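A.B. asks: Please work out how this folds:
(one chain, ligands or ions: 1)
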Amino acid sequence: MKNENMCNRCILNDQFPSIEFDRNGICNYCHKWDKEWAEFDYNKAEQQLQMIFKDAKLKKRKYDCMVPYSGGRDSSYVLYLCKEKYGMNPLAVTFNNLFMSDYALKNILSTVPKLGVDHVMVSLQPDLLKSFYRAMILKGGEFCSICTCGINYVITVYQQLFNIPLVLSGVSSRVDEQSPFEVTSTHPSYVRKVLLESGFSIEDIDSLLVKRQYELTAIEKIKMKLTDSDFLRINMPDYLSWNNQEIQETLENELHWQTPDKNMDHIDCRFAPIKTFLKNKQIPHFIFKQEKYSQLIRDGQMTREEAINSLDAAIKHEHEPPAELTDFLNFFDITLEDIENKEGHCHLDFITKEDTFVRESMAYKFLAIPWKILRVFRA
Ligand SMILES: [Zn+2]
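C.D. replies: Purely as a prediction, here's the structure:
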């Protein structure tokens with residue numbers, strides 16, 4: 001990697017999709033981050049968060065909130081905070097993709113009784129689920145989009161079952177990688193097209209693909225408002241300081257949480273290292289850590305020098321197959337040749353950026369005015 005082609009603040013370089021530099025050599029992704037987060041008022045945000053929690057509790061439902069819980073660092077911390085710090089009564093829900101790591105399973109089994117929360121783990125019919133992943137690897141060159149659909153499935157089913165007013169996730173637009181559309185997509189229209197082209201029946205596809213919040217029609221959304229069955233979905237890290245090191249220490253001390261490597265992300269997924277390996281087949285030299293480290297630099301959790309050193313180490317191993325590769329190929333019954341992806345298959349074969357724009361209907365905008373006014377009065 002040539003450092004002279006890098007942004008002067010983060011570590012994205014001029015090969016990164018849609019990147020532009022200003023006259024000081026600072027990239028548009030840094031500017032975008034600053035716009036949202038540089039002046040962010042965390043005290044005010046935490047007050048807002050407490051207001052959201054208070055509202056959820058006032059609903060007096062069986063559960064105040066739901067936490068999609070993978071057993072990874074962020075979702076474990078969300079569960080810990082909402083129960084221990086904010087006194088919420090959460091339902092933790094886990095989508096079992098069939099390749100959760102041993103660490104994630106162990107942490108879940110020890111954390112749930114320690115926090116005293118209710119927990120459900122859901123898996124779809126294993127052969128069908130595996131064949132969804134297999135089709136996605138062959139046609140889309142990745143497998144993360146199926147997990148996203150599975151997690152959404154579990155959230156939707158249990159939100160509706162218990163009419164849970166709030167969903168708290170641990171992903172963050174501030175500190176997590178925010179890959180642009182050119183790099184990756186988990187959009188349901190893309191997943192649906194891939195599965196249809198792979199010969200799955202509509203019935204099978206619908207057993208995984210339930211509507212996401214942004215896919216609901218105006219009528220469906222209004223019906224949810226009128227029957228008091230709608231819900232708020234927020235990213236908890238967007239309201240609080242979210243420091244990886246602090247989180248790690250809290251989890252170790254309070255929950256006796258275990259991890260193979262303190263600096264490792266996605267310890268919940270056995271095949272996490274394969275993600276970058278497959279992405280390299282589509283976009284040569286692309287490393288997701290480049291985005292993650294850039295976010296941590298902007299948030300003051302890492303220096304640029306530390307990030308460059310860590311990235312150099314990652315690049316050295318870029319062409320070496322990850323240790324998990326054989327297990328991965330066997331698990332999904334695919335060959336090394338299958339994932340070579342010489343044609344560069346990816347989500348862009350199935351979806352355009354325009355397909356992902358959410359169009360809110362005029363009818364809904366108009367009918368949602370009373371709720372907006374109500375919210376202003378309460379604030
Ligand atoms: Zn930058």
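
A.B. asks: was I right about L336 contacting T326?
C.D. replies: No: under the criterion of CB atoms under 8 Å, L336 makes no contact with T326, lying 9.3 Å away. Bear in mind the C-beta positions are built from the backbone N, C-alpha and C, glycine included.

A.B. asks: Nearest residue to the residue of the stretch 101-250 of the chain found nearest the ion in space, please, no chain neighbours.
C.D. replies: Using CB to the ion, the closest approach of the stretch 101-250 of the chain to the ion is made by Q178 at 12.3 Å. Sequence neighbours aside, E291 is the residue nearest to Q178 in space, at 6.8 Å (criterion: CB to CB, 6 or more residues apart in numbering).

A.B. asks: Report the secondary structure element holding that neighbour.
C.D. replies: With secondary structure defined by DSSP states H and E, E291 is part of helix 288-298.

A.B. asks: Show me the contact partners of that helix.
C.D. replies: Residues outside helix 288-298 that contact it (CB atoms under 8 Å, 6 or more residues apart in numbering) are 7, 9-13, 16, 29-30, 33-34, 37, 174-179, 244, 265, 275-276, 279, 302-304, 307, 310-311, 314.

A.B. asks: Could you pick out which of these are located in helices?
C.D. replies: In this view, the contacts of helix 288-298 that belong to helices under DSSP state H are 29-30, 33-34, 37, 244, 275-276, 279, 304, 307, 310-311, 314.

A.B. asks: any idea how far R298 is from the residue nearest to Q178?
C.D. replies: E291 sits 11 Å away from R298, taking CB to CB, to the nearest Å as the criterion.

A.B. asks: can you check E36 too?
C.D. replies: E36 is 10 Å from R298, by CB to CB.

A.B. asks: can you check S173 too?
C.D. replies: S173 is 12 Å from R298, by CB to CB.

A.B. asks: okay, those two: which has more neighbours?
C.D. replies: Using other CB atoms under 10 Å as the criterion, S173 and R298 rank with R298 on top: 20 against 13.

A.B. asks: What pLDDT does the model give that one?
C.D. replies: With respect to pLDDT, R298 scores 96.

A.B. asks: residues in the stretch 151-300 of the chain within reach of the ion, list them.
C.D. replies: Taking CB under 5 Å from the ion, no part of the stretch 151-300 of the chain reaches the ion.

A.B. asks: do that again at 8 Å, thanks
C.D. replies: S294, R298 (CB under 8 Å from the ion).

A.B. asks: Pick out the residue of the stretch 151-300 of the chain closest to the ion.
C.D. replies: S294 (6.1 Å).

A.B. asks: Next SSE downstream of the lowest-mean-pLDDT helix or strand in the chain?
C.D. replies: Least confident helix or strand, the chain: helix 362-367 with a mean of 69, by mean pLDDT, DSSP states H and E. As assigned by DSSP H and E, the chain's next helix or strand after helix 362-367 is helix 369-378.

A.B. asks: Any figure for the gap between the closest residue to H266 other than its chain neighbours and E291?
C.D. replies: Distances taken as CB to CB, 6+ apart place A272 nearest to H266, at 3.9 Å, with adjacent residues excluded. Counting by CB to CB, the separation of A272 from E291 is 15 Å.

A.B. asks: do the same with G71
C.D. replies: Using CB to CB, G71 is found at 23 Å from E291.

A.B. asks: ok, these two, which is more surrounded?
C.D. replies: A count of neighbours by other CB under 10 Å puts G71 above the other of G71 and E291, at 26 against 21.

A.B. asks: which residues does N97 contact?
C.D. replies: Neighbours of N97 in contact, by CB under 8 Å, 6+ apart: S123, L129, Y133, I146, C147, G150, C269.

A.B. asks: Please put the alpha-carbon coordinates of whichever strand or helix holds the third one into CSV.
C.D. replies: When elements are defined using DSSP H and E, Y133 is found to belong to helix 126-140. Extracted C-alpha coordinates of helix 126-140, given in CSV (Å, rounded to 0.1, in the frame of the first residue of the first chain):
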residue,chain,number,x,y,z
PRO,A,126,-30.4,-26.5,8.5
ASP,A,127,-30.3,-28.0,5.0
LEU,A,128,-32.3,-25.1,3.6
LEU,A,129,-30.3,-22.5,5.4
LYS,A,130,-27.0,-24.0,4.3
SER,A,131,-28.2,-24.1,0.7
PHE,A,132,-29.2,-20.4,0.9
TYR,A,133,-25.6,-19.6,2.0
ARG,A,134,-24.2,-21.8,-0.7
ALA,A,135,-26.2,-20.1,-3.4
MET,A,136,-25.1,-16.7,-2.1
ILE,A,137,-21.4,-17.6,-2.1
LEU,A,138,-21.6,-19.0,-5.6
LYS,A,139,-23.6,-16.1,-7.2
GLY,A,140,-22.9,-13.1,-4.9
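
A.B. asks: which outside residues touch that helix?
C.D. replies: With CB under 8 Å, 6+ apart as the test, helix 126-140 has contacts from 97-98, 123, 142-143, 145-146, 150, 190-191, 194-195, 197-198, 200, 204, 207-208, 278, 331-334, 338-339, 345-347, 349-350.

A.B. asks: remind me which residues of the stretch 1-150 of the chain are low pLDDT?
C.D. replies: 1-4 (pLDDT under 70).

A.B. asks: which stretches of it form helices?
C.D. replies: 28-37, 42-58, 73-80, 102-115, 126-140, 144-162 (DSSP state H, counting those that start in this stretch).

A.B. asks: deepest of those, which one?
C.D. replies: Of all those, helix 73-80 has the most neighbours on average by mean count of other CB atoms under 10 Å, namely a mean of 24.
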